[in-house]
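Peer 1: next one to model:
(one chain, ligands or ions: 1)
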Amino acid sequence: MKLSTLFRLDLRTLILLLAIGSALLTLLNVFYASYQAQHRLLLHSTLEANRVYATKLAEVTNHFFRTAWQQLAYSTGQVRDRLDDPARLQQATQDLLYQSDNFNAVAVVSKYGKILAAAPFEQHKALRLDTEGHKAILRRRAPLISQPYLSADNRLVVTLSYPLLDSAGEYQGYLGADIFLTEANVLNLLLGQHYYQDGSYLYVVDSEKHLIYHPDNTRLGEQIEGNPVIDSVLLGNSGEQRLLNSQGLDMLAGFAPVPLSGWGVVAQRPTAATLSELNAKMRGIFIGILPLTLLTLPCIWLLAALISRPLWQLARHAQHMDSPEVPQQIRRIRSWYFEARQLRQAMLKGIGLLHEKITQLNIDSLTDPMTGLLNRRGLQTMLDRLGDDTAFAVIALDIDHFKAINDSKGHAAGDEVIRFLARMMQENSRDSDILCRSGGEEFVMLLPEVTLAVASQVAERLRRHVAHSTPPFVDSLTISLGVTHHAARGPAVRQSLKIADAALYQAKQAGRNRVMVSPDGEHFKSVVS
Ligand SMILES: Nc1nc2c(ncn2[C@@H]2O[C@H](COP(=O)(O)OP(=O)(O)OP(=O)(O)O)[C@@H](O)[C@H]2O)c(=O)[nH]1
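Peer 2: Model prediction:
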C-alpha cells in the first residue's frame, strides 16, 4: 500500500502539522540549546570555584606552617642552652602547647632521641623515640614536616619539627609539635569550614599520596593510587579537572599544592550532584513555560486553520470545476490574504473560460455552421427538451429547383441562397420557434404551442415573403412547405415529421411554391392566400 493512501494528508492537515511541529521543534531546540549552555557554564563555574577554593586553602595551610615554624623557632630560643633544666623545658613545652590551638602535643627531644620534656603527656619524658620519622628528623637536622605515622599510642600523627642549636650552633636535638590527624586539630579548623551540603568536599594528601585530611575520618592514612588530580597536584601543579576518581566517581575537582609541606589540597564535587541541580532547574523552567506553550498551540492551530481554510476550500471546489454552481461557491470563499485572493481570481477566470468553451462546444455540436440554425442533432436535443407534454406544429420546407441554381450559378451561389433563406426563416418566426436545417436545402420549423391553423398561416406568410424577396444570384426564389401538428402525449414525434415531409412532397407534386397541410398524413389540403 502506498504511503500517500495510508496517510491521506490534505493541505489543511499538512499546514497544521507543519505549524505545530515547527513550533514544538523550535521550543525543544531552544530548550536543548539553553540546557547545553547551562550545562557547560555550570561545569565550568563549579570547576573554577573548586580551583579557587583549593588554592585559597592551600595558601592558608602553607601560611599556617610558616607561622608554626616561627612559633617553634621562637620556643627553641627559649630553651637553647637550658637542656639541663627540666623545669624550664617543661614550662617551654607547655607554653608552646597552650598559647595556641595549633598543636595537639609538644616535646623537646635530645639529639639521642630521648624525650627531655613533653606536654600534655609529661609521662612520656625519658622515653626514647626510635620511629623512622624521628630518626629522619634527627638525621636531617632541619625544619621538617613528617609523613603521617602511627605513634606509640596508636594515633595517626604528623610532626612539625624545628632543630635545637646551642649558642655555639651545635645541634642539640629538636622541638617537635604533633598534630593528631584523627582528633580535633588545627587542620580541621582550617579545612573544616568547607560547605558540604551541596555534595562538595575537600581532602588533603601528603607527598606520598596518603590522605591527611578527609571528611570521612576512617579513610585518613589511606594511600590513593590512580587519581590523575593527585598525581598532578603532587607535581606542584594547580588547576581544575573533571575526572573519574579512585572510586570510579565522576568528579569536578580543583586542586592546589602546599609548597612548604609538599601536600596537595583538592576541592571537588560529584558531577551528578552538580547536574542534578541543573536538571531540577530545567524541569522548573519547563514546567514554567508549559502553560504558555499549551496556550500558544491552539493559537498556532487557529492561525494555521485560518490560513489553510481558503486554500482547502478552493482545492475542494477545483474537483468539480465543470459544475455550474461552482463559480458562485468559489466567489463566496473568504480569501482574506493576497495569495488566496489571487488564486481565487485565477480559478474563477479559468472556470469562466472552461464554461465558455464547453458552451461553445455544445453550440457547435448542435448548430449548422453555414446558417447558424440547428442541425439534426440540435433538432433532436430540442425535441427532447420539449418532451411529451408539449404540443407543437411542424413545418417542413424545401427550395424549389435548387439543383438548377447550383448548376447555373455554382455551388457557392447555392450556399449563399441557402443562407438567405435561413435569414428569411429567422425574420418570419418568433424566438420560441425552433429552426433547423435538416439536410442540403431542406429545413424544419417547430412552433411550440401553435395550432395547425396558425402554423399554416406562418408557413404561407414565409412562402409569400420568399417569393417576393430579392435573393442573391437569382432573379426569384420559391419554396414548398408541408405543415402538420403534433399533439401533446400524441404519437411518436418521428411520425409527425414524416407527415410534414409527406405534405411537403404533396406541395412539390402539386406544382411547388405552395403550402400543403396534413393533419394525419392521409388527407392533404393546399393553403390558399
Ligand atoms: N449549394 C449547395 N447545394 C446543395 C447543398 N446541399 C444539397 N445541395 C444540392 O441541392 C440539390 C437538391 O436537388 P434536388 O434534390 O434534385 O431538388 P431540387 O433541384 O431543389 O428540386 P425540387 O426539390 O424537386 O424542387 C442537389 O443538387 C444538391 O447537390 C448545399 O449545402 N449547398
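
Peer 1: ok, then the element right after the longest helix anywhere in the chain?
Peer 2: With DSSP state H applied, the helix covering the greatest number of residues in the chain is identified as helix 11-79. The helix or strand immediately downstream of helix 11-79 is helix 86-98, counting by DSSP states H and E.

Peer 1: any idea which helix or strand comes after that next one?
Peer 2: By DSSP H and E, the next helix or strand past helix 86-98 is strand 105-110.

Peer 1: who are the packing partners of the next helix or strand after that following strand?
Peer 2: The C-terminal neighbour of strand 105-110 among helices and strands, as given by DSSP H and E, is strand 115-119. With contacts taken as 3 or more CB pairs under 8 Å, 6 or more residues apart in numbering; DSSP states H and E, strand 115-119 sits against helix 86-98, strand 105-110. For glycine as for every other residue, the C-beta is placed from the backbone atoms N, C-alpha and C.

Peer 1: tell me the angle the longest helix of the chain makes with helix 86-98.
Peer 2: 160 degrees (axes from the mean of the first three to the mean of the last three CA atoms, to 10 degrees).

Peer 1: what angle do helix 11-79 and strand 115-119 make?
Peer 2: Using the same axes, to 10 degrees: helix 11-79 against strand 115-119 is 130 degrees.

Peer 1: so residue 240 belongs to a strand, correct?
Peer 2: Yes: checked against DSSP: H, G, I helix; E, B strand; the rest coil, residue 240 lies within a strand.

Peer 1: what bridges to it?
Peer 2: Assessed by DSSP bridges, residue 240 has beta-bridge partners residue 254.

Peer 1: from what I can see it touches residue 45, true?
Peer 2: No: taking contacts as CB atoms under 8 Å, residue 240 lies outside contact range of residue 45: 10.6 Å.

Peer 1: okay, those two: which has more neighbours?
Peer 2: residue 240 (23 against 12; other CB atoms under 10 Å).

Peer 1: tell me where the model's unsure across the protein.
Peer 2: In the predicted model of the chain, residues 1-11, 126-127, 192-197, 529 satisfy pLDDT under 70.

Peer 1: what residues does it put near the ligand?
Peer 2: Contact residues (CB under 6 Å from any ligand atom) of the chain with the ligand: 398-403, 406, 411, 414-415, 418, 440-441, 508, 512.

Peer 1: just the ones of the residues you listed in helices?
Peer 2: Short answer: these in helices (DSSP H) are 402-403, 406, 411, 414-415, 418, 508.

Peer 1: make JSON lines out of the residues you listed and add distance to residue 451.
Peer 2: Converted to JSON lines, those look like this (distance: CB to CB, whole Å):
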{"residue": "402", "distance to residue 451": "30"}
{"residue": "403", "distance to residue 451": "34"}
{"residue": "406", "distance to residue 451": "36"}
{"residue": "411", "distance to residue 451": "39"}
{"residue": "414", "distance to residue 451": "35"}
{"residue": "415", "distance to residue 451": "35"}
{"residue": "418", "distance to residue 451": "29"}
{"residue": "508", "distance to residue 451": "25"}
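
Peer 1: check the residues you listed for burial and list the buried ones.
Peer 2: 402, 406, 414, 418, 508 (16 or more other CB atoms under 10 Å).

Peer 1: can I get those residues in TSV with distance to residue 374?
Peer 2: Putting these into TSV (distance: CB to CB, whole Å) gives the following:
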residue	distance to residue 374
402	20
406	23
414	21
418	14
508	24
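
Peer 1: which of those sits closest to the ligand?
Peer 2: Nearest to the ligand among these, counting by CB to the nearest ligand atom, is residue 414 at 2.4 Å.

Peer 1: wait, doesn't the closest one sit right on residue 401?
Peer 2: No: between residue 414 and residue 401 there is no contact under CB under 8 Å: 11.2 Å.

Peer 1: quick one, helices of the stretch 351-500 of the chain?
Peer 2: 376-386, 402-409, 411-427, 452-467, 493-509 (DSSP state H, counting those that start in this stretch).

Peer 1: dump these to TSV, plus distance to residue 252.
Peer 2: Formatted as TSV, the helices of the stretch 351-500 of the chain follow (distance: least, CB to CB, whole Å):
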stretch	distance to residue 252
helix 376-386	93
helix 402-409	114
helix 411-427	104
helix 452-467	112
helix 493-509	103
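
Peer 1: of the ones you listed, which is nearest residue 349?
Peer 2: Closest approach to residue 349 among the helices of the stretch 351-500 of the chain (CB to CB): helix 376-386, 29.1 Å.

Peer 1: run the chain-centre distance for the closest one.
Peer 2: 62 Å (CA atoms, centre = their mean, to the nearest Å).

Peer 1: between helix 493-509 and that helix, find me the angle.
Peer 2: Using the same axes, to 10 degrees, helix 376-386 lies at 130 degrees relative to helix 493-509.

Peer 1: what residues of helix 376-386 count as buried?
Peer 2: Residues 378-379, 381-383, 386 are the ones in helix 376-386 that count as buried (16+ other CB under 10 Å).

Peer 1: can you check stretch 148-159 too?
Peer 2: Buried residues in stretch 148-159 (16+ other CB under 10 Å): 148-149, 151, 156-159.

Peer 1: identify the residues contacting it?
Peer 2: For stretch 148-159, contacts defined as CB atoms under 8 Å, 6 or more residues apart in numbering pick out 104, 127, 131-134, 137, 144-147, 176-183, 206, 210, 212, 220-221.

Peer 1: what do you get for stretch 507-517?
Peer 2: Contacts for stretch 507-517 (CB under 8 Å, 6+ apart): 398, 400-401, 452, 456, 459-460, 463, 467, 478-484, 503-504, 506, 524-527.
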